[in-house]
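Novice: Okay, here's the prediction I keep looking at, along with the sequence it came from:
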Amino acid sequence: MKDFSAITVFVLLVGSIPFFTESGVVLNFVMMALYACLLAQAWNILGGFGGQFSFGHALFFGTGAYVQVMAQVHLGCNPWIALLLAIGMSAMVGLCVGALSFRYGLKGSYFALVTLAFAEVFRIVALSVAFTGAGVGLMLPLRESFSNMQFASRAGYVWLILGLVTLALCATAWLRHSRFGAYLQAVRDNEDAARAIGVDPFMVKLWATVISGALMGSGGAFYVQVFQYIDPGLAFGPHTSVEALVGAIVGGMGTLWGPVVGALTLHVLADVTRNLFGQLPGINMVVYGAVLVLIVMFMPSGMTGIRSHLFKQSSKTPSIGKEQV
């Protein structure tokens, strides 16, 4: 209940921001910060709690994005129904990739490379077939209305992405306290030991991939609704995968609020560097890399682990007692 109470407070605070300001700059910043939180939280479920590092989470993002736009453009689906289809299809892709990878015992760097390879395969396919728009990409027609999931103000998008982030936070909170979450963390810490006590590592990692893929796909669907355009480079390119994993690592993997803290920190840094060095393309990726190196070197447990690290250091400090005197 403590976690869900904290989530409720977070939702109320962030959700009330549009009532206090109508500034497009502020609302756009909040929207994109929440979007980054969603990607980091999606990666965190598989990489942080499951210990299965993925370098190709753009695979699920791009799947969700393309299903969202193709369902509307080619099939005439309502955007809200298309959102459900995008989440479901991204989960199915996670099921297929997880089944193929974990059935053959791939883990560690091998699993990371497999996800990267799948993302590249999907990018090439999207470049080659007509119904994805090939290299030109696909656009959504502008029809502003709630039923069409296109809002006249950024406030509507803030509440939409806040709902998706809330879903991701609730899923993470459930993982922290559920039996399945305990199994997942046991597999992360020692797969052989977990198998010895009756845990099925294959099924546990597989369902973690499904959940992670579904949440990442919802991020892709949201991206399309906001910017109304997608192409293979945007959908399956490495930038999205990097943004997701770096946010979780910087904030603290395997925690509830670590991805939120990490994504917000990186988003602030990216905005600052973009304003200061806007003439240098790709500077935000340089910042991501530098921050990641510093975090790995000096704060391996992430920003949320600083407090516990300091507590451990203070507890190790010897005290002078009567015996020492």
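Specialist: Thanks, I have it.
Novice: Is it correct that Tyr205 is in contact with Gly50?
Specialist: Just so we're on the same page, residue 205 is Lys rather than Tyr. Yes - contact criterion C-beta atoms under 8 Å: Lys205 and Gly50 qualify, at 5.8 Å. Heads up, the C-betas are built off the backbone N, CA and C, glycines and all.
Novice: Pick out whichever of those two has more residues nearby.
Specialist: Each of Lys205 and Gly50 has its neighbours counted (other C-beta atoms under 10 Å); Gly50 has more, 27 against 24.
Novice: Run through the residues that contact the more buried one.
Specialist: Leu184, Val187, Arg188, Val204, Lys205, Ala208, Thr209, Ser212 (C-beta atoms under 8 Å, 6 or more residues apart in numbering).
Novice: Repeat that for Gly47.
Specialist: Per C-beta under 8 Å, 6+ apart, neighbours of Gly47: Phe53, Ser54, Leu245, Ala248, Met253.
Novice: Check Thr63 too.
Specialist: Ala86, Met89, Ser90, Val93, Phe122, Gly213, Gly217, Gly220.
Novice: now, among those, which is nearest to Arg179?
Specialist: Gly213 (21.6 Å; C-beta to C-beta).
Novice: Now the closest one. Nearest residue, chain neighbours left out?
Specialist: Once flanking residues are discounted, Gly213 sits nearest to Gly94: 2.6 Å by C-beta to C-beta, 6 or more residues apart in numbering.
Novice: Contacts for the helix or strand where that neighbour lies next, please.
Specialist: According to DSSP states H and E, Gly94 maps onto helix 79-103. The contact list for helix 79-103, computed with C-beta under 8 Å, 6+ apart, reads 59-61, 63-65, 67-68, 71-72, 77, 111, 114-115, 118, 147-150, 201-202, 205-206, 208-214, 216-218, 220-221, 225.
Novice: Any stretches of the chain with poor pLDDT?
Specialist: 278-280, 282, 284, 288, 305-325 (pLDDT under 70).
Novice: give the contact list for the most centrally placed residue in the chain.
Specialist: Centroid check for the chain by C-alpha atoms, centre = their mean gives Leu39 as the closest residue, at 2.0 Å. With contact taken as C-beta under 8 Å, 6+ apart, Leu39 is in contact with His57, Phe61, Met216, Gly219, Thr240, Glu243, Ala244, Gly247, Ala263.
Novice: what's the distance between it and Gly108?
Specialist: Noted for Leu39: a distance of 22 Å to Gly108, by C-beta to C-beta, to the nearest Å.
Novice: again, but for Phe277
Specialist: 36 Å.
Novice: Start from the N-terminal end of this structure and give the strands.
Specialist: Secondary structure of the chain (DSSP state E): strands at 138-139, 229-230.
Novice: hang on, isn't Ala126 packed against Pro232?
Specialist: Yes - with contact defined as C-beta under 8 Å, Ala126 and Pro232 form a contacting pair (3.9 Å).
Novice: So for those two, which residue has more residues nearby?
Specialist: Each of Ala126 and Pro232 has its neighbours counted (other C-beta under 10 Å); Ala126 has more, 25 against 22.
Novice: got a list of what the more buried one touches?
Specialist: Gly62, Tyr66, Thr132, Ala134, Asp231, Pro232, Ala235, Phe236.
Novice: and the gap between it and Phe236?
Specialist: Distance from Ala126 to Phe236, by C-beta to C-beta: 7 Å.
Novice: Brilliant, that's me finished.
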